[in-house]
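[1] Model the structure of this input:
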Amino acid sequence: MSVDPMTYEAQFFGFTPQTCILRVYLAFQDYLCEVMMVVEKVMMKKLEDFPSCDISPFQIRECTEKCLLFMKERFHVLFCKMEQMLLKLVLNVPPNVLLPEDKIHEQYPCSKEEFESLQKETEQLQQQCKAEAYAREALLAELEEQKQVQAELEKILQWFDGLDNVCREQGNSDLKESFAFMVQNCRRLQGVKNEIDLKSKKLKLDKTLSCDYSAANQAGETCNKKIK
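    Okay, here's the model as predicted:
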């Protein structure tokens, strides 16, 4: 069988010529086997009409197999010639024939250098498309983050609105003044806390010094008693 891929013919027919010829070859082989099986059955029936005949069914089977083998060999030789004729005269697209989908090449011919330049330009455009796709994905991700931030800001605004309503109910119409008042109170409380911390530290220090002084006096009195 031919090893030429015949891609142009496959593009035109929708199948490779070698595949078509192979199917025809297998179909002939199957038909030949079926014919020999029918011939064998007929000979078996005819043999039943001659009981005194020395030919056995086993001999008929051997003769049938030999005949089938001979016919297959001859058919293979003939089919090789038929294959060459089919590939050359039937399943072949002439060199001067251009398929309809390739008419564009005839209208806009280009040299090898132009074709390579177009290929490079196509690759660059593909890379640009990929980069734009990645950038679009990044922008969509950033937009999604901004939506989440916007949702959080809306929650904070709602919280401030609720706080403003509470302040108005308590008699404070201005939210800024309420915050300023809260800040002043926090600072005042912080100062009071710092004063309390300092006083507590001083108290602890005074207690420690007084304890040390009393311990020293006791130690001195003890030593005086021993000396006496």
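[2] elements contacting the strand or helix carrying H76?
    Per DSSP states H and E, H76 falls inside helix 57-85. Judged by 3 or more Cβ pairs under 8 Å, 6 or more residues apart in numbering; DSSP states H and E, helix 57-85 is in contact with helix 17-48. All C-beta atoms are positioned from the backbone trio N, CA, C, and that covers glycine.
[3] follow-up on the earlier one: give me the mean pLDDT for the helix holding H76.
    Helix 57-85 carries an average pLDDT of 88.
[4] What are the buried residues along that helix?
    60, 64, 68, 72, 79, 82-83 (16 or more other Cβ atoms under 10 Å).
[5] want to throw those into JSON lines with distance to C53?
    Output for the buried residues of helix 57-85, formatted as JSON lines (distance: Cβ to Cβ, whole Å):
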{"residue": "I60", "distance to C53": "11"}
{"residue": "T64", "distance to C53": "16"}
{"residue": "L68", "distance to C53": "22"}
{"residue": "K72", "distance to C53": "28"}
{"residue": "F79", "distance to C53": "37"}
{"residue": "M82", "distance to C53": "40"}
{"residue": "E83", "distance to C53": "43"}
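[6] Counting residues, name the longest helix you see in the chain.
    Secondary structure of the chain read by DSSP state H shows that its longest helix is helix 112-169.
[7] roughly how far out does that helix sit from the chain middle?
    Helix 112-169 has its C-alpha centroid displaced from the chain centroid by 22 Å (Cα atoms, centre = their mean, to the nearest Å).
[8] now that helix: mean pLDDT?
    The average of the pLDDT scores along helix 112-169 is 86.
[9] Show me what that helix is packed against.
    In terms of contacts (3+ Cβ pairs under 8 Å, 6+ apart), helix 112-169 is packed against helix 175-227.
[10] for the helix it packs on, what is the average pLDDT?
    For helix 175-227, mean pLDDT is 67.
[11] Name all residues that make contact with N92.
    Applying Cβ atoms under 8 Å, 6 or more residues apart in numbering, we find N92 in contact with 6, 9, 17.
[12] repeat that for 10 Å
    Counting by Cβ atoms under 10 Å, 6 or more residues apart in numbering, N92 touches 4, 6, 8-9, 12, 17, 86.
[13] Need those residues in TSV (columns: secondary structure).
    Output for the contacts of N92, formatted as TSV (DSSP: H, G, I helix; E, B strand; the rest coil):
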residue	secondary structure
D4	coil
M6	coil
Y8	helix
E9	helix
F12	helix
P17	helix
L86	helix
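[14] Checking L98 next. Helix, strand or coil?
    Here L98 is coil, with the state taken from three-state DSSP.
[15] That one: what's its closest spatial neighbour, skipping adjacent residues?
    In space, and not counting its chain neighbours, L98 is closest to E106: 6.0 Å by Cβ to Cβ, 6 or more residues apart in numbering.
[16] what's the helix or strand for the one you found?
    Element membership of E106 [criterion: DSSP H and E] is helix 103-107.
[17] For that helix, C-alpha coordinates in PDB please.
    Taking Å, rounded to 0.1, in the frame of the first residue of the first chain, the C-alpha atoms of helix 103-107 are listed here in PDB:
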ATOM      1  CA  LYS A 103      -8.800  30.000  -3.800                       C
ATOM      2  CA  ILE A 104      -7.700  32.700  -1.400                       C
ATOM      3  CA  HIS A 105      -4.000  31.700  -1.900                       C
ATOM      4  CA  GLU A 106      -4.500  32.200  -5.600                       C
ATOM      5  CA  GLN A 107      -6.000  35.600  -5.100                       C
END
